[in-house]
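A.B. asks: Need a 3D model of the sequence below.
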Amino acid sequence: MTYEMDIAGLKRDLPLCKVTDDLYIGAFVMFGDVELTVHCAAELLKLTPEYDYLIAPEAKAIPLVYEMARQSGADKYFVARKKAKAYMSSVFQVHVKSITTQGVQTLVLDQTDAELIHGKRIVIVDDVISTGESLRAMEELVNEAGGIIVGNDVFIGPKVNLITINHDVNPDNRSATYGRPIVIEDKVWIGINSTILPGVRIGYGAIVGAGSVVTKDVPAMTVVAGNPARIIKTIENK
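C.D. replies: Numbering: from 1, shown residues only. Next up, the predicted model:
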């Protein structure tokens with residue numbers, strides 16, 4: 001028993017796997033399928049916003065993230081490992097249980113990789129998304145590292161500052177720094193010369209007016225402006 005899947009014009013017959021008595025999923029496996037890997041990487045890159053690094057969970061997504069990096073000319077990408085390795089100096093980790101996982105799994109990122117991710121625009125890549133638990137775990141892992149997660153169809157104007165690092169307020173320890181991630185959801189528009197401060201999440205479809213300083217989360221489908229930025233209107237779907 002199979003299910004035909006059309007992946008941006010490329011067709012594959014997926015074997016159906018039983019999860020429960022009334023739930024089956026199509027087994028989408030990219031391993032070994034060079035044509036599919038190259039095709040999917042090219043199609044995903046068409047949809048990818050501007051970014052600094054790609055990251056993917058171990059292991060089935062590795063061929064895809066590699067091929068996306070190769071096609072885009074990137075010289076580095078990151079892989080979240082399933083367990084800490086001897087070469088890791090220290091680690092960030094989160095736990096995840098997805099529909100295809102037997103038991104709880106761990107995703108681990110090396111401290112050295114986390115330092116490179118800190119303050120950068122990160123695109124999370126996975127080969128299959130069922131419940132979204134693995135994707136949410138990857139987002140949490142990137143957040144822990146202080147990365148900037150940017151959704152699809154995001155407009156970022158010139159001279160926008162995305163700040164993830166701050167100093168300790170204690171004058172005796174002011175040289176110390178700490179980081180908090182920024183998350184920008186799909187279809188956000190950030191106007192020219194705006195500043196987004198550490199720890200802010202900007203919700204789906206929101207607009208940040210030019211020159212604004214955003215100090216707290218922005219709800220979805222709102223327009224904010226000013227210093228500090230405040231909600232000035234909501235956006236109606238027509």
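
A.B. asks: What is the subsequent helix or strand relative to the longest helix seen in the chain?
C.D. replies: In the chain, with assignment by DSSP state H, the single longest helix is helix 34-47. Later in the chain than helix 34-47, the nearest helix or strand by DSSP states H and E is strand 53-57.

A.B. asks: Just the angle for that next one relative to helix 34-47, thanks.
C.D. replies: Counting by axes from the mean of the first three to the mean of the last three CA atoms, to 10 degrees, strand 53-57 lies at 130 degrees to helix 34-47.

A.B. asks: Report all helices and strands that strand 53-57 contacts.
C.D. replies: helix 62-72, strand 78-80, helix 111-117, strand 121-124, helix 133-144 (3 or more CB pairs under 8 Å, 6 or more residues apart in numbering; DSSP states H and E). Every residue, glycine included, has its C-beta placed from N, CA and C.

A.B. asks: Check the average confidence over the longest helix of the chain, would you?
C.D. replies: When pLDDT is averaged over helix 34-47, the result is 94.

A.B. asks: now the angle between helix 62-72 and it, please.
C.D. replies: Using the same axes, to 10 degrees: helix 34-47 against helix 62-72 is 60 degrees.

A.B. asks: Going by neighbour count, which residues in helix 34-47 are buried?
C.D. replies: Neighbour-count burial for helix 34-47 flags 36-41, 44 (criterion: 16 or more other CB atoms under 10 Å).

A.B. asks: quick one: H118 and G146, what's the gap?
C.D. replies: Distance of H118 to G146, computed by CB to CB, to the nearest Å: 4 Å.

A.B. asks: Other residues contacting the longest strand seen in the chain?
C.D. replies: In the chain, taking DSSP state E as the definition, the longest strand is strand 10-20. Strand 10-20 is contacted by residues 1-5, 24-28, 33, 35-36, 39-40, 99 when judged by CB atoms under 8 Å, 6 or more residues apart in numbering.
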